[in-house]
Structures are given as C-alpha cells and as structure tokens.
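Chemist: No sequence on hand, only this structure:
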C-alpha cells in the first residue's frame, strides 16, 4: 500500500473513535438534559460530530474508489462473485452503505440541533438519531477478528 493510502487509512481509522465518543456524549446529553434546551457546548459537539463524520466520509470514499479494497472488487471479480464472499461483500457494499446511512443521520441531527423547538421534543429526536447512527456504525466497523487480524487502532 502506498504512503497516501496508509496515511488516509490511519486518519480514517482514528476519526471513527472521535465519532463514537461524540455520539456517546450526544446520547448522554440528550438523556440527561431531556427537558432543557441544548447548551452551546452540546451544539458545538454536534457540529464537531458532523465535521468528523464528513471528513471520514470523504476519506472513505477516496479509499473506496482508489484504494486496494472496495470498488476494485467489483471491477476485478464482478458483482456475483463479490456478493457470494462475505469479506468482499463487507468491503464493497456493507461498510460503505452502513457508514453513508449513519452519516446522513448525523447530518440530520445537525439540522435538528439548530432548529427552534421544544427542548424535550428536540432532545428525543436527537437521542433516537444518535442511537440509530451509533448502532449502524458499530455494525459497519471492521472489528478485530471479523476479517482476520485487523488492529483496533490503526497505525500503532
């Protein structure tokens, strides 16, 4: 793998931890302050969550189309072969689809956080979207042991 792909994979991998932490903080804030308006800190954390998710998406799209795994599987093996193999299917279809859906949900939370609405209603919507995004991301991460010896923290 070339230096650019290695660096991008490192950044992509580490940003997931920032996203997971910010999602957990968002869930905690929504649960603990259900009846109160979002604080400026909570709004800024929501913004940072969206920024981290979008940067991760851009890096991931680059890796998908120009890296050694992802779309290259379709080009070299064809759709039928990729869909039969769970490892190829994960990298070519499941990972990217799950992450795009989660990032769409995170982007929607940004719009909700900025809207003027009753605090309990806003926090409930945020809570539901944060939880769905978290579940989808956890299901879409290539955890160690799932496909061999992938490290939990890339680059260490």
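Modeler: All right, it came through fine. On a predicted model such as this, the values are computed, not experimentally measured, just so you know.
Chemist: which residues of this structure fall in strands?
Modeler: In the chain, no strands are found when defined by DSSP state E.
Chemist: so where's it shaky on pLDDT?
Modeler: Under the criterion pLDDT under 70, the flagged ranges of the chain are 1, 155-156.
Chemist: the longest helix in it is where?
Modeler: Using DSSP state H, we find that the single longest helix of the chain is helix 3-32.
Chemist: Check which residues of it are buried.
Modeler: Neighbour-count burial for helix 3-32, counted by 16 or more other Cβ atoms under 10 Å, picks out 8-9, 12-13, 15-16, 18-19, 22-23, 25-27, 29-30. Quick note: C-beta positions are derived from backbone N, CA and C, even for glycine.
Chemist: how about residue 59, what does it touch?
Modeler: Residue 59 makes contacts with 8, 11-12, 15, as judged by Cβ atoms under 8 Å, 6 or more residues apart in numbering.
Chemist: elements contacting the longest helix of the chain?
Modeler: Identification of packing neighbours for helix 3-32 by 3 or more Cβ pairs under 8 Å, 6 or more residues apart in numbering; DSSP states H and E yields helix 40-66, helix 95-114, helix 119-140.
Chemist: Alright, that wraps it up for me.
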